[in-house]
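Enquirer: Below: sequence and its predicted model.
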Amino acid sequence: MEEETIKEAAAESLGILETIQTKVMGFINNPEALLAIALKLITAFLIYWIGKKIARVISNMVAKGLSKTNSDPILINFLKNFVYYILLAAVVIAALGQLGVKTTSLLGMLAAAGLAIGLALKDSLSNFASGVMIVMFRPFKIGDLVEIAGHTGDVEEIKIFSTILKTKDNRQIIIPNSQVTADPIINHTAKPIRRVDIAMGVGYDDDLKKARNIMMKVMEDHPLVLQEPAPSILMTELADSSVNFSVRPWSKTGDYWTVYGELLEQFKGELESGGCSIPYPQSEVYLHKVG
């Protein structure tokens, strides 16, 4: 049984070889057919080679035109590559058509394959679409301090599928772009100046007007506090053990944390030097002698 199977396979292989040999000999004996095939191959190669050069030139022209409009470098690079590969695909289809390949059926197969791939990679395509939106609308740029999907850090890189943040303690966070566009984005460095909100409390027995004047003078004397917009102090709460103020100076965005830390330290020192107290939670216990 096995010998018969082997003989059948050998006979089939021999038949295929004879068919190939017959066609090759037919081409050899027909120089015109060989010349036609050679011309088709040369024409297809020239279409691919010249088309590839043209695609590269056009993509570079697109990038050069966008650079004159001061567009984001990420957007320029993305559109350059997108235009290049779209044109290259058209060139390849034209070259295959020159070789006699039925491009209509090929396009149908590509469309069907694209649909299947799209269904299989819907999450990746969602990240891709979100990446395009981020690059086009630019809600943030490289170096901005942002809060995205519950994570805070400096934008280190914007890719087509993900956005990479670097935290202040030098950790790297990779966030899929679909989450970036789905959640609210807080850009802490989008504006050139920011208001610094500091909560301060003094005791009920302290002179509130004096405490206010002390804190206002500290802000006016600080070199990094802006005088326009002017700093302000607002009483916000009569708490259990303190009278609370919201102190609101303005600073340049890059000086935010420096101003916050230095003012907080100076407020404590100057208020205590001026006779005011910084209250802290405490409990009073009263003992009653029974009978």
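Expert: Structure received. Numbering: from 1, shown residues only.
Enquirer: Now do the contacts for I175.
Expert: For I175, the contacting residues are I148, A149, H151, S162, T163, I164, L165, by C-beta atoms under 8 Å, 6 or more residues apart in numbering. Quick note: C-beta positions are derived from backbone N, CA and C, even for glycine.
Enquirer: quick one: it is in a helix?
Expert: No - counting by DSSP: H, G, I helix; E, B strand; the rest coil, I175 is not part of a helix but strand.
Enquirer: Quick one: classify the nearest residue to it once chain neighbours are set aside as helix, strand or coil.
Expert: Once flanking residues are discounted, I175 sits nearest to T163: 5.1 Å by C-beta to C-beta, 6 or more residues apart in numbering. The three-state assignment at T163 reads strand, by three-state DSSP.
Enquirer: T163 bridge partners, please.
Expert: T163 forms beta bridges with I158, I175, as assigned by DSSP bridges.
Enquirer: Specify which member of the contacts of I175 is nearest to Y204.
Expert: Closest to Y204 out of the contacts of I175 is H151 (41.1 Å), distances taken as C-beta to C-beta.
Enquirer: Surely the closest one and L165 touch.
Expert: Yes - taking contacts as C-beta atoms under 8 Å, H151 lies within contact range of L165: 6.1 Å.
Enquirer: So which of the two has more stuff around it?
Expert: With neighbours defined as other C-beta atoms under 10 Å, H151 and L165 compare such that L165 has more, 22 against 15.
Enquirer: Distance-wise, check that one relative to I142.
Expert: From L165 over to I142 the distance is 11 Å, taken as C-beta to C-beta, to the nearest Å.
Enquirer: Which residues are in contact with each of these two?
Expert: Counting by C-beta under 8 Å, 6+ apart, the residues touching both L165 and I142 are V155, E156.
Enquirer: buried stuff in the helix or strand harbouring I93?
Expert: Taking DSSP states H and E as the definition, I93 sits inside helix 73-98. For helix 73-98, a neighbour-count test (16 or more other C-beta atoms under 10 Å) marks 74-76, 78-80, 83-84, 87-88, 91-92, 95-96, 98 as buried.
Enquirer: sorry, back to before: the residue nearest to I175: neighbouring residues, count only.
Expert: Neighbourhood size, T163 [other C-beta under 10 Å]: 28.
Enquirer: Look up the pLDDT of it for me, please.
Expert: pLDDT, T163: 90.
Enquirer: before we move on, what about the one 3 residues further on?
Expert: Reading off the confidence values, K166 has pLDDT 93.
Enquirer: Ok, G15 next?
Expert: G15 carries a pLDDT value of 64.
Enquirer: cool, and I160?
Expert: 75.
Enquirer: Is it correct that it falls within a helix?
Expert: No - counting by three-state DSSP, I160 is not part of a helix but coil.
Enquirer: now it, nearest residue through space, not along the chain?
Expert: Spatial nearest neighbour of I160, chain neighbours left out: G131 (4.1 Å); criterion: C-beta to C-beta, 6+ apart.
Enquirer: what secondary structure does that neighbour sit in?
Expert: What three-state DSSP gives for G131 is helix.
Enquirer: Next up, the contacts around it.
Expert: Contacts for G131 (C-beta under 8 Å, 6+ apart) come out as I158, K159, I160, F161, S162, N177.
Enquirer: what's the answer for L234, then?
Expert: L234 touches F245, S246, R248, counting by C-beta under 8 Å, 6+ apart.
Enquirer: and if we set it to 7 Å?
Expert: Contact partners of L234, counting by C-beta atoms under 7 Å, 6 or more residues apart in numbering, are F245, S246.
Enquirer: mind listing the strands for this protein?
Expert: Secondary structure of the chain (DSSP state E): strands at 145-148, 151-158, 162-166, 172-176, 185-187, 193-195, 198-202, 232-238, 243-248, 250-252.
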